[in-house]
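Undergrad: got a predicted structure plus its sequence, pasted below:
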Amino acid sequence: MTTPESQVAPPDRNRLAVHTMTTKPLSLAKAAEAYSRRGIPGISVWVEALERMTTASAKQIVDDAGLKVPALVRGGFFCASDSLERGKRIEHNRQLIQTAADLNAEMLVLVVGAEPGVPLNQQRGWVRDGIESILPEAEAANVKLAIEPLHPMYAADKSCINRIAEARVICDQLDHCLVGVAVDVYHVWWDPDLSHQIRLLGEAGRLFGFHICDWRVPTRDLLTDRGLMGDGCIDIPAIRREIEAAGFDGWIEVEIFSEEHWAADQGDYLDKIIQRYDTHS
């Protein structure tokens with residue numbers, strides 16, 4: 001007799017990627033080796049992992065491990081009251097686009113930034129202008145620019161874009177095939193309009209990235225206490241079904257900030273990530 005368990009399809013790991021920030025204690029070289037050894041095919045590289053090394057060296061590490069790079073994380077931070085400072089940040093993003101291209105990363109993820117006390121709509125104008133300014137470099141390098149909305153708790157000082165709807169406004173204004181959205185369940189799971197917004201992204205071809213982790217209850221720290229998939233209240237499989245129904249067939253990227261997990265044995269932690277990816281995504 002066929003059991004329900006035997007009817008479950010085998011885990012699809014060929015789309016699994018892990019962010020280097022998820023295994024923050026590991027150097028890029030050690031992370032690449034550990035991911036590759038466990039059959040994880042993708043590594044999204046945080047700029048912090050590139051400190052004190054050349055981009056060429058980083059690319060060699062990734063290539064030697066046989067890994068693909070879904071994304072370079074993170075650019076953006078366009079918001080500053082001083083126009084000269086905004087110009088410096090735009091130039092920095094131009095450099096990051098080249099770094100992404102050198103790593104063969106598909107996209108540069110943009111955490112857009114925020115400045116306390118400035119109206120959010122004004123700041124969103126800065127974001128739009130900043131992205132528009134770097135589009136020529138993105139076109140030349142064929143690197144996508146993925147706006148990542150952050151949870152409203154970060155609206156004051158990290159991101160003036162907190163819902164997919166606000167990211168979509170900028171995408172519509174710029175109307176460029178290289179400008180889209182990275183959907184991180186940690187930041188958007190609560191949105192009552194989430195299903196509709198995902199469908200609209202899919203219809204417009206602007207669904208660029210999908211990041212997963214879980215929201216712990218209670219959450220002990222709003223930045224560094226994200227949970228493994230299945231340890232919290234987010235219905236990740238349901239959101240993934242909606243993402244894929246909207247046409248997304250890209251990487252499923254595990255992005256977890258966790259002091260608890262950073263303090264653990266990173267090999268054991270990666271094994272748990274794979275197990276939870278199989279059972280809770």
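TA: Structure's in. What do you need? Numbering: from 1, shown residues only.
Undergrad: which helix or which strand is home to the most centrally placed residue in the chain?
TA: Centroid-nearest residue in the chain, with CA atoms, centre = their mean: H211, separated by 5.3 Å. In the assignment (DSSP states H and E), H211 maps to strand 207-212.
Undergrad: rounded mean pLDDT for that strand, please.
TA: Mean per-residue pLDDT for strand 207-212: 98.
Undergrad: partner strands of that strand and their direction?
TA: Taking DSSP bridges as the criterion, strand 207-212 forms sheet pairs with strand 179-184 (parallel), strand 252-254 (parallel).
Undergrad: show me the contacts for the residue nearest to the centre of the chain.
TA: Residues in contact with H211 (CB atoms under 8 Å, 6 or more residues apart in numbering) are H19, E148, A182, V183, D184, V185, Y186, E253, V254, E255. Where C-beta positions appear, they are placed from N, C-alpha and C, glycine not excepted.
Undergrad: from the chain's centroid, how far away is stretch 201-214?
TA: Centroid separation for stretch 201-214 versus its chain: 10 Å, with CA atoms, centre = their mean, to the nearest Å.
Undergrad: likewise for stretch 96-111?
TA: Averaging C-alpha positions (CA atoms, centre = their mean) puts stretch 96-111 12 Å from its chain's average.
Undergrad: can you show me the CA trace of stretch 211-231 as CSV?
TA: Once non-C-alpha atoms are left out, stretch 211-231 reads as follows in CSV (Å, rounded to 0.1, in the frame of the first residue of the first chain):
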residue,chain,number,x,y,z
HIS,A,211,15.0,34.4,0.3
ILE,A,212,13.9,32.0,3.1
CYS,A,213,14.3,31.7,6.9
ASP,A,214,11.7,31.8,9.7
TRP,A,215,10.3,34.3,12.2
ARG,A,216,10.8,33.0,15.7
VAL,A,217,8.1,33.4,18.4
PRO,A,218,9.2,35.0,20.6
THR,A,219,11.9,36.8,18.7
ARG,A,220,14.8,37.7,21.0
ASP,A,221,16.5,40.1,18.7
LEU,A,222,14.9,41.8,15.7
LEU,A,223,18.1,41.6,13.6
THR,A,224,20.0,38.5,14.7
ASP,A,225,17.5,36.0,15.8
ARG,A,226,16.1,34.6,12.6
GLY,A,227,15.1,30.9,12.7
LEU,A,228,15.7,27.9,10.6
MET,A,229,12.8,27.0,8.3
GLY,A,230,10.2,25.3,10.5
ASP,A,231,11.3,27.0,13.7
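Undergrad: sounds good, over and out.
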